[in-house]
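Engineer: got a sequence here, can you model it:
(one chain, ligands or ions: 1)
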Amino acid sequence: MSYLNELLKKVRERVSIVECPVCKETSKQLMSKVSQGLVLCCPHCRALFVIEHK
Ligand SMILES: [Zn+2]
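Structural biologist: Purely as a prediction, here's the structure:
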């Protein structure tokens with residue numbers, strides 16, 4: 001089952017934990033979306049937000 005482990009590892013690497021600015025809950029978001037400054041959707045309160053990079 002090493003293939004599955006590889007796959008999970010890759011998926012994990014592409015996910016970033018972000019904090020929702022509205023409800024302060026954390027959620028997993030795709031790294032590609034976060035790094036490109038795309039709109040993210042909070043699964044807890046359904047707010048749309050963007051992570052700003054400094
Ligand atoms: Zn939220």
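Engineer: low-confidence stretches in the chain?
Structural biologist: Where the chain drops to pLDDT under 70, the residues are 1, 12, 54.
Engineer: the longest helix in it is where?
Structural biologist: Criterion DSSP state H: the longest helix present in the chain is helix 2-13.
Engineer: return the distance of it from the chain's centre.
Structural biologist: 16 Å (CA atoms, centre = their mean, to the nearest Å).
Engineer: just checking, what packs against the helix or strand following that helix?
Structural biologist: Following helix 2-13 in sequence order, the next helix or strand is strand 15-19 (DSSP states H and E). When contacts are defined as 3 or more CB pairs under 8 Å, 6 or more residues apart in numbering; DSSP states H and E, strand 15-19 sits against strand 26-30, helix 31-35. To be clear about C-beta, it is placed using only N, CA and C from the backbone, and glycine gets the same treatment.
Engineer: mind putting those into JSON lines with mean neighbour count and distance to R46?
Structural biologist: Listed next are the helices and strands packed on strand 15-19 as JSON lines, based on neighbours: other CB atoms under 10 Å; distance: least, CB to CB, whole Å:
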{"stretch": "strand 26-30", "mean neighbour count": "15", "distance to R46": "11"}
{"stretch": "helix 31-35", "mean neighbour count": "14", "distance to R46": "16"}
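Engineer: residues contacting the spatially most central residue of the chain?
Structural biologist: In the chain, the residue lying closest to the centroid (CA atoms, centre = their mean) is Q29, at 1.2 Å. By CB atoms under 8 Å, 6 or more residues apart in numbering, Q29 lies in contact with 15-18, 40, 51.
Engineer: mind checking how far it is from the ion?
Structural biologist: 12 Å (CB to the ion, to the nearest Å).
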